[in-house]
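Asker: any chance you can model this:
(2 chains)
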Amino acid sequence: MEEESKWIELSRAGSAEAFAQLVLLHQVRVRGYIGRYLRNKDVVDDLAQEAFLDAFRRLNTYQGEGPLALWLVGIARNCVLEHMRGEMRRRSREARHLETALALRRLQQAEADAGRLGDREREISALQDCIRNLPETGARLLAEHYFQSRSAVEIARKRGGKEGAIRMALLRVRQMLRECIERTMAAEGGA
Amino acid sequence: MSADRPRASELRLRVMAGESLSASEEEELLKALSSDDALRAELEKDEQLDGILRVLGRGDEDAQTFAREFIHREAAERDKVRFAQGIRIRIEEEASRPPLRHTTRHGRRRPAPKSSRGPWLSALAAAGMLIGLLMLATFSKPARNGTRRPDAAPREEVALRTRAKEDRTSARAERLRVERKLDEIERERRRLEEERAKADREKQDELRRRAEEDLAQIAADHKAAAERLKRAQEAEQKAQDALTRGRPPAPPDAPTRVMRAVIARLDRVGGEVFVVSEGNADIAREGQELLAGQGLDVRGPGGGAVVVFPDKTRVEILAEAEVRDLGTERGKKLVLERGTLRAEVTPQPQDQPLVILTPHAEAKVLGTTLRLLVDPNKTRLDVMEGKVRLTRKPDGRSVDVASGHYAVAAVGVEPAVKAVPPDTPAVRLLESAGVVTVNFGPEGMTLPDQILNDSGEEFDAKRGYGWKGPKEGPELPGVFWKDQGGRILSKIRAGRGAAVHPTFPDPLRGSCVAGGWSNHAETWMMPVPNGRYLVTVCVGYTGQGEGSVGWEQGPHHVWVEGKQVMNAVLTKMNRPFVEQKDVPVEVRDGELTLRIGGYGGTRTSLDGSCDTILNFLVIRKAP
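Answerer: Residues are numbered from 1 along each chain as shown, chains lettered A, B, ... in the order given. Okay, here's the model as predicted:
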C-alpha cells in the first residue's frame, strides 16, 4: 500500500511511468472486470487502456476515500457501459436475435453492478486463491485452456477425446471455482 | 424446452467458444434462456467467470506489455492534445491578423471595412484556416530542390511537423502491435519446445512430428514479425529524428526516391488506400505511378485498388489487404502480406514468371487468372484460367493448380489440389460460417438473415440448390387420398407443394414442402465442396390436428447421400408433430443429394396418403 501511495503521488505530478506501475498492479482487476462482460480480447484491452488513460487524467479527483482498485474498476465499468450501449444501438439495426439478447443481458448486468463493485473486485482475489486449490486434473485442464491458450478442439485432439466432452469438463472446473469463490466470500462476510 | 438443460448448456458453450449456431439452435437456446431463469443465471455466471479466466491466463509478460502500451498511448494522446492546441493558437493568430488585400499602395494598412457580420467573418476565416492547414497536412510537399518558399514556410512547417507526429504515432502503434505479436510467438515457441521435448521423452513420433511442423511455422512467423518490427522501428526513428531536428521528414518524392523506376500504375482506388514506401504511408490517388519497392495498404472493409502493369497485367487488391515490394526485376514480383488479391496475368516470358510471395507460400504465374487469399494461418490459391505452381515455404513442397481448382498452403495440411466449388450463396455461407440452413416453404416467406428458402422449384445452378424435375409433374396412377368419411378427394400429381402455417411462431417448423408421394421419389441437390458434413433433417407439419383431415402426416421417408434418415416416420397430433434427426455424411461428388419418398411399404397416414413433408435442413461442415 505504501508503494501504491508513492506511485499515486508521482502520477499526480504527471509521471506516466509511475502510473504504468499502477497499471501493472491493477491490470488484472480492470481487465478481468471488462472481460466479465466482453468476449473480444482486443476490445477488452482497448477499453482497459482507455479506462487507465481516463484514470490518469482524473487522478486528482481520487482522494483515497476507498481502495484505488475499486476506483479503477468504477471507471472501467463506465467504459464498459458506454461501449455496450453503443453496441446495443448498433445491434438494434441487426436481426441477430441471440447475440442481441445476450448483449442486452450483459448490459443489464453491468448496469446492475453499481453497488457491487467491491464484491466484483474481491471475487478476482478469491478466484486466484481458488485456482491454487483446484484438484490436479482440473488445474491441468484449466492451465491448458486458459494459460496455454489451447482451444477445446486442440485439447480434444491431443487427448484423443471429443471437444464437447472437453467443454463440459471445463464447465465443471468453472463450477468448482464458482462454488469456491462463493464459499470464500461468504467466509469473509461478502455477498 | 426448459427440461432440456444439458442441451441448452451445450449450445451456450458452443456460443462461448465462438461457434455460430444455426437459426433453429439459436431459437432453441433463446427459448431455454427465456423460460428458465435459474439456467440463464447459471450460464451467465459461467460466462463471466470464463471471461475473467481468459484475462488471468495471459500471464506476466502480457501484463508488462500492457503497461508499456499504456505509456505509449499516453504519449500519443499528449501529442494529439498539444497539436490541437497549436492549431488553435495558429488559427487565433491568423484570424486576428488584418487581411493583406487592405494594404495601401504605400504599404500602410487601411482598417478593414466594418461589418455587422464581423464575428461570422472571423469564424469563417478560422474555419478556412483549419481546412487549409488540414489540406496542407495531407497534400503539401516541399519544392523538388528541397528549398521552401519563404512565405509558405511557417504553415508548411506546421503541416509537416503534424505529419511527422502522425507518422511517429502510427509507427509506434505498429511497433507495439508487432512487439505484442512477437511476445505471443515467443510464448508459443517455448510451449512447442516443451511439447517436443515431452514427445521425445515419451517416444511419441506423431506428436513430435506435429510439434516440429508447428515450430517451423513459428520460425517463419517470427522472421516475418522481426522484419516488420525492424521496419516499424526504423519508421519510428525516422519520424522521431525529423521532430528532434525540428525539420520535416523527407517528402516521399524527394530526389533520392524519384530515381526509382516506375513499374505500374494505380488504375482504380476505392476507400482507404495508402501507397507504402519505406515505412511511410501516403494516400493513394487514381492514376498514380507506382515505383519499384512500393506497396499498397488497403484499410477498412470497403476499400480496394487495381494495379496495372505496362503489359496489361492487372492485379486487384481487395479490402483489408496489404501488398508490398512491387518489383519487375527478372519478372514481376510482389508480396501479399495479408488479405485477398485477384490477378489477370498477361502471358509472361517463360524464364520471368510473375511471382507472388505470401507468408506461407510462393505462387509462380506465367499467364492466367487467379485469386490468392492470405490469412494468418494459410494461403489459398484459386485458379480460374491457366495453371499456377504453388510452393509451400517451410518445406518447398509444390503443386500445380489448374483451371477451376484451388490449393491451400499451410503447416500441417498436405498440399492438395481440389476443384473450386461453385460461387453460390450456400457455398459462401458454408465457407464463412461453416453452416447453411435451408427452409422449405412457399416463396416470399419472411425468414431470418442467412436462411435460404426452397419452395419446391426445379434446380437452378445460380440459386445453388433445388429439385430434379419440374415442380408439378404428371398425375400418379393409383395415388389418391381420402377424407375421414372415406371419400376419395383427388388424384395426386408428382412434384412438390409448399405450405406455411399462418400463426405458428417458428417459421422453420411452421412451413414445409411436401412430395415423394407413395412409390414416387423426389431428389433435391445442392453443390457443395467435397468433405464431411453433419446434416439435420426435420419433417412433419405443424397444422395437423386442425381441420377435418390432416391430423396424421407421413410416412416420411428421407435419405441423405444414400443414408436413410427417416424410415416411414408418421408424425401425429398428441405426439411430436415434427421429427428431427442428424446424419453424418461425406460428399465426394461435389453435390449433396437428398431423396424423399419412394416408400414402397403398406403404411399410410390415416387419410390414406403417403408423402414426405420437409420442414428444414441444416448442413454443417464437420471438423
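Asker: residue in chain B nearest to chain A?
Answerer: For chain B, the residue closest to chain A is B:Gly57, as judged by CB to the nearest CB, at 3.3 Å. (Each C-beta comes from the backbone N, C-alpha and C, glycine too.)
Asker: quick check: domain ranges of chain A?
Answerer: Domain assignment for chain A, taken from automatic domain parsing, gives A:1-112, A:115-191.
Asker: pick out the residue of chain A closest to chain B.
Answerer: Closest point on chain A to chain B, by CB to the nearest CB, is A:Tyr146, at 3.3 Å.
Asker: closest one to B:Ala232 among the domains of chain A?
Answerer: Ranking the domains of chain A by proximity to B:Ala232 (CB to CB) places domain A:1-112 first, at 18.4 Å.
Asker: most centrally placed residue in the chain?
Answerer: Just going to use chain A. A:Gly32 (1.4 Å; CA atoms, centre = their mean).
Asker: switch to chain B, that's the one I care about
Answerer: By CA atoms, centre = their mean, chain B has its centre lying nearest to B:Ser432, at 7.0 Å.
Asker: isn't there a strand covering that residue?
Answerer: No: read with DSSP: H, G, I helix; E, B strand; the rest coil, B:Ser432 is helix and lies in no strand.
Asker: give the contact list for A:Tyr33.
Answerer: A:Tyr33 sits next to A:73, A:76-77, A:80, A:120-121, A:124 when contact means CB atoms under 8 Å, 6 or more residues apart in numbering or on different chains.
Asker: same thing but at 6 Å, please
Answerer: Neighbouring residues of A:Tyr33 by CB atoms under 6 Å, 6 or more residues apart in numbering or on different chains: A:73, A:76, A:120.
Asker: and of those, the nearest to B:Gln580?
Answerer: Using CB to CB, A:Arg120 is the member of those that lies nearest B:Gln580, at 41.3 Å.
Asker: so the closest one, which state does it fall into?
Answerer: Assigned with three-state DSSP, A:Arg120 falls in the helix class.
Asker: what's the neighbour count on it?
Answerer: 20 (other CB atoms under 10 Å in any protein chain shown).
Asker: and what of B:Arg342?
Answerer: Number of residues near B:Arg342 (other CB under 10 Å) recorded here: 18.
Asker: I'd say it and B:Arg371 touch.
Answerer: Yes: here B:Arg342 reaches B:Arg371: they are 4.8 Å apart, a contact under CB atoms under 6 Å.
Asker: let me know the secondary structure of B:Val401.
Answerer: strand.
Asker: do the same with A:Asp54
Answerer: Per three-state DSSP, A:Asp54 ends up helix.
Asker: skipping its backbone neighbours, what lies nearest it in space?
Answerer: Take A:Asp54 and drop its neighbours on the chain: the residue closest to it by CB to CB, 6 or more residues apart in numbering or on different chains is A:Ile75, 5.5 Å away.
Asker: for the one you found, give me phi and psi.
Answerer: Main-chain torsions, A:Ile75, degrees, to the nearest 10: phi -70, psi -40.
Asker: in this structure the residue of chain A closest to chain B contacts B:Gly57, no?
Answerer: Yes: the pair formed by A:Tyr146 and B:Gly57 meets the contact definition of CB under 6 Å, at 3.3 Å.
Asker: for burial, what's the neighbour tally of B:Ile218?
Answerer: 18.
Asker: please disregard the earlier target; I meant B:Cys538.
Answerer: B:Cys538 has 23 neighbours, counted by other CB under 10 Å.
Asker: again, but for B:Glu42
Answerer: B:Glu42 is flanked by 17 other residues according to other CB under 10 Å.
Asker: distance check, it against A:Arg174.
Answerer: Counting by CB to CB, to the nearest Å, the gap from B:Glu42 to A:Arg174 is 11 Å.
Asker: any shared contact partners between these two?
Answerer: Taking CB under 6 Å, 6+ apart as the contact criterion, no residue touches both B:Glu42 and A:Arg174.
Asker: quick check: residues of chain A near chain B?
Answerer: For chain A, the contact set with chain B under CB under 6 Å from any CB of the partner chain comprises A:16, A:20, A:23-24, A:27, A:31-32, A:35-36, A:49, A:52, A:95, A:98, A:101, A:146-148, A:167, A:174, A:178.
Asker: just the buried subset of these, written out for ChimeraX, thanks.
Answerer: Restricted to buried positions by 16 or more other CB atoms under 10 Å in any protein chain shown, the ChimeraX selection for the residues of chain A next to chain B reads:
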select /A:16,20,23,24,27,31,32,35,36,49,52,98,101,146,147,148,167,174,178
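Asker: element containing residue 71?
Answerer: Assuming you mean chain A. helix A:68-91 (DSSP states H and E).
Asker: not quite, I wanted chain B
Answerer: Using DSSP H and E, B:Ile71 maps to helix B:59-96.
Asker: please apply the same query to B:Asp382.
Answerer: Element membership for B:Asp382 (DSSP H and E) is strand B:379-385.
Asker: ok, that strand: who's next to it in the sheet?
Answerer: The strands beside strand B:379-385 in its sheet (DSSP bridges) come out as strand B:369-374 (antiparallel), strand B:405-409 (antiparallel).
Asker: can you give me the buried ones in that strand?
Answerer: Across strand B:379-385, burial judged by 16+ other CB under 10 Å covers B:379-384.
Asker: go on, stretch A:66-79?
Answerer: Those would be A:68-77, A:79, for stretch A:66-79 by 16+ other CB under 10 Å.
Asker: likewise for stretch B:359-375?
Answerer: Neighbour counts over stretch B:359-375 (16+ other CB under 10 Å) mark B:359-374 as buried.
Asker: buried sites along the helix or strand bottoming out on mean pLDDT in chain A?
Answerer: Ranked by mean pLDDT, DSSP states H and E, the weakest helix or strand in chain A is helix A:97-111, scoring a mean of 81. Residues A:98, A:100-103, A:105-107, A:109-110 are the ones in helix A:97-111 that count as buried (16+ other CB under 10 Å).
Asker: between the residues you listed, which sits nearest B:Val413?
Answerer: Using CB to CB, A:Leu98 comes nearest to B:Val413 of these, at 32.0 Å.
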